[in-house]
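Student: 3D, please:
(one chain, ligands or ions: 3)
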Amino acid sequence: MKKIFIETYGCQMNVADSELVAGIITDTNHQITDDINSADVIIFNTCSVRQHAEDRVLGRIANESSRKKNKPGLKIGVIGCMAQRLGETLLNNKAIDFVVGVDQYSTLPDIIDNLDEHDHYFTEVNNSEIYEGLYPIRQNQLNAFVTIMRGCNNFCSYCIVPYTRGRERSRPLPEIIREISDAGNKGFKDITLLGQNVNSYKWQDYSFPELLKEANSIDSIRRIRFVTSHPKDLSDKLIDTMASSDKVCEHIHLAMQSGDDDVLKRMNRGYSAEHYYNLTEKLRAEMPEIAITTDIIAGFPGETENQFLNTYRYMEMIEFDYAFTFKYSPRTGTKAADFINQIPEEIRLERLQRLIELQEKITLKKYQEQIGKIKEIYVEGISKKSEDEVSGKSRDFKITVFPGDKTLIGSFVKVKITDATGWTLRGERTDIA
Ligand code: SAH
Ligand code: SF4
Ligand code: F3S
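Tutor: Numbers count the residues shown, from 1 in each chain. Ligands and ions are numbered 1, 2, ... in the order given. Model (predicted):
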């Protein structure tokens, strides 16, 4: 029996995969631990989306490998997107004992059983793997991530994900519904449906709006979210379904990436800036309370100052509730990495800085607009800053802090918003609904 510690990086798909791996391992005679000091095996579930993400993990691995001096039997494994991208070459790093790619997690128990023999490496892409019949062991008792599809077919020219995650495939609807009901029965009230592009979910005659409707009819859950939506596939039918499904929260994460048509074209995104803008208008017309969040890349190869300013202006016009802004990071093997006119680091950084400053102002404004409103908060824990306060999320995905104690965790409370700082709302309980 070995104790396994898992450390997770990257997107929610990886968080969900770590929970799946925990499920696969627990089905054998091994055990998951949340104490790294007692671990016999440390697994890093890694992300390749930007160079920085990879560098961080390699730093962590170098650090943790020093434990081997005092604990010679300790083994370190790398799974996830970096395992998939770099494969066997990772084993040149002497700190690393095994490497397992995203479609090979079923082999983990075997590998763990045989760790003392030699290095292990297993990263074949299997474009049909959906881990049918395997279930996750969830890390918290409140929010359940449910994977509805794996892989991506979009090949945005900057992105490594289609190479690490393979082709798009959807899980059967009945399995997804069973998993959601099961989570609901165990007390999870907040479900997030996951896929790199949930809008293209397809199983038999069911597409994503039908899946949402089915999920919405499950009594034991109260809130449904989903990530990520692709603007080229966000249909009117989906917007209508969101608006008419009471459990589907008023929040959408819709990556714009750029507000310039030429850049969008070279990114292979399949929509224009105007199309994107119109989508935000439609969403707000049907759901006035909806929060729209986005991803933006600064300094894509060939981006001129004017093209950058187009992005800046669209951000001013749309006023996102929040934007994740990234400095373009070339990924070997993607088309954009070979584009001429790569933008110098200092210009990428300077553009990123301008986007961050702009969005900070907009976010503050959007959050201050909430003052005076009464919002339903799902209480998720004690506030980090004060023992006498709890923290949770509104339906429109805003962290909200208010006076209360741990007995409130897991419940839904009406809160009147009294203040807004950065991206936190503050308020007080109210019984007036
Ligand atoms: N499937 C999701 C995105 C997953 S990656 C979607 O399409 O919405 C999350 C974000 O990382 C992307 O939206 C993009 O903004 C950013 N990203 C991806 N590759 C990048 C790169 N090479 N450099 C910088 N940012 C990148
Ligand atoms: Fe990457 Fe584009 Fe697929 Fe998102 S949709 S994972 S950005 S290729
Ligand atoms: Fe990273 Fe892989 Fe997710 S590259 S963003 S962990 S799909």
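
Student: going forward, measure contacts and count neighbours with C-alpha atoms only.
Tutor: Fine.

Student: quick check: mean pLDDT of the helix or strand containing residue 58?
Tutor: Assigned by DSSP states H and E, residue 58 belongs to helix 51-65. Helix 51-65 shows a mean pLDDT of 97.

Student: which other helices and strands does it contact?
Tutor: Applying 3 or more CA pairs under 8 Å, 6 or more residues apart in numbering; DSSP states H and E, one finds that helix 51-65 makes contact with strand 41-46.

Student: quick one: the longest helix seen in the chain near ligand 1?
Tutor: If you go by DSSP state H, the chain has its longest helix at helix 345-368. No: residues of helix 345-368 are not located near ligand 1 by CA under 6 Å from any ligand atom, the shortest gap being 10.4 Å.

Student: so what touches that helix?
Tutor: Contacts with helix 345-368, where a contact means CA atoms under 8 Å, 6 or more residues apart in numbering, come from 297-299, 308, 312, 315-316, 319-323, 325-328, 419-425.

Student: angle of the helix holding residue 58 against strand 41-46?
Tutor: 170 degrees (axes from the mean of the first three to the mean of the last three CA atoms, to 10 degrees).

Student: what's the first helix or strand after helix 51-65?
Tutor: strand 75-80.

Student: what's next to that following strand, contact-wise?
Tutor: So strand 75-80 is contacted by 14, 40-47, 61, 65, 68, 95-102, 115 (CA under 8 Å, 6+ apart).

Student: quick check: which helices or strands does the helix or strand bottoming out on mean pLDDT in the chain pack against?
Tutor: Here the helix or strand of the chain ranked lowest by mean pLDDT, DSSP states H and E is strand 120-122, holding a mean of 80. Packing contacts for strand 120-122, counted by 3+ CA pairs under 8 Å, 6+ apart, involve strand 98-100.

Student: helix/strand/coil for residue 380?
Tutor: strand (DSSP: H, G, I helix; E, B strand; the rest coil).

Student: could you check how far it is from residue 406?
Tutor: 9 Å (CA to CA, to the nearest Å).

Student: list the residues that are in contact with both of those two.
Tutor: Common neighbours of residue 380 and residue 406 (CA under 8 Å, 6+ apart) are residue 390.

Student: who has more neighbours, these two?
Tutor: A side-by-side neighbour count of residue 380 and residue 406, using other CA atoms under 10 Å, places residue 380 first with 21 against 16.

Student: what strands line up against the least confident helix or strand of the chain, and which way round?
Tutor: strand 98-100 (parallel) (DSSP bridges).

Student: okay, the residue in the stretch 301-433 of the chain that ligand 2 sits nearest to: pLDDT?
Tutor: When scored by CA to the nearest ligand atom, the stretch 301-433 of the chain has residue 334 as its residue closest to ligand 2, at 9.8 Å. Among the per-residue scores, residue 334 shows a pLDDT of 98.

Student: that's a helix at it, yeah?
Tutor: No: counting by three-state DSSP, residue 334 falls outside a helix, being coil.

Student: re earlier: list the ones among the contacts of helix 345-368 that fall in strands.
Tutor: 297, 298, 322, 323, 325, 326, 327, 419, 420, 421, 424, 425 (DSSP state E).

Student: ok, now which ones touch the fifth one?
Tutor: Contacts for residue 325 (CA under 8 Å, 6+ apart) come out as 295, 296, 297, 298, 352, 355, 356.

Student: list the beta-bridge partners for the residue nearest to residue 431 when sequence neighbours are not counted.
Tutor: Nearest in space to residue 431, with sequence neighbours left out and distances taken as CA to CA, 6 or more residues apart in numbering, is residue 414 at 6.7 Å. In this entry, residue 414 is beta-bridged to residue 376, by DSSP bridges.

Student: residue 296 now?
Tutor: Taking DSSP bridges as the rule, residue 296 bridges to residue 257, residue 325.

Student: just give me the neighbour total for it.
Tutor: That count, for residue 296 with other CA under 10 Å as the rule, works out to 21.

Student: what parts of the protein come near ligand 3?
Tutor: 10, 11, 13, 14, 47, 48, 49, 81, 161.

Student: burial count for the residue nearest to the first one when sequence neighbours are not counted?
Tutor: Which is residue 10. Counting by CA to CA, 6+ apart, the nearest residue to residue 10 once its immediate chain neighbours are dropped is residue 47, at 4.8 Å. With neighbours defined by other CA under 10 Å, the count for residue 47 comes to 28.

Student: residue contacts, residue 47?
Tutor: Residue 47 touches 9, 10, 11, 14, 53, 54, 80, 81, 82, counting by CA under 8 Å, 6+ apart.

Student: most neighbours, which of those residues?
Tutor: residue 80 (30 neighbours).

Student: tell me what it is bridged to.
Tutor: Bridge pairing for residue 80 - DSSP bridges - gives residue 46.

Student: quick check, pLDDT for it.
Tutor: At residue 80, the model reports a pLDDT of 97.

Student: how about residue 432?
Tutor: Per the predicted model, pLDDT is 57 at residue 432.

Student: name the helix or strand for residue 136, please.
Tutor: Using DSSP H and E, no helix or strand contains residue 136.

Student: leaving out sequence neighbours, find the closest residue to it.
Tutor: residue 20 (3.9 Å).

Student: residues near that neighbour, how many?
Tutor: 21.

Student: quick one: it from ligand 3, how far?
Tutor: Per CA to the nearest ligand atom, to the nearest Å, residue 20 is found 14 Å from ligand 3.

Student: surely residue 31 and residue 21 touch.
Tutor: No: with contact defined as CA atoms under 8 Å, residue 31 does not count as touching residue 21 (11.2 Å).

Student: near ligand 1, which residues of the stretch 251-400 of the chain show up?
Tutor: So the stretch 251-400 of the chain meets ligand 1 at 255, 257, 295, 296, 297, 326, 327, 328, 329, 330, 331 (CA under 6 Å from any ligand atom).

Student: need those in TSV with distance to residue 278, can you?
Tutor: Shown next, in TSV, are those (distance: CA to CA, whole Å):
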residue	distance to residue 278
255	14
257	15
295	17
296	18
297	20
326	24
327	26
328	26
329	29
330	30
331	31
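
Student: including pLDDT and distance to residue 361, could those residues go into CSV?
Tutor: Output for those, formatted as CSV (pLDDT from 0 to 100; distance: CA to CA, whole Å):
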residue, pLDDT, distance to residue 361
255, 98, 19
257, 98, 19
295, 98, 17
296, 98, 16
297, 98, 19
326, 98, 18
327, 98, 19
328, 98, 23
329, 98, 26
330, 98, 29
331, 98, 31
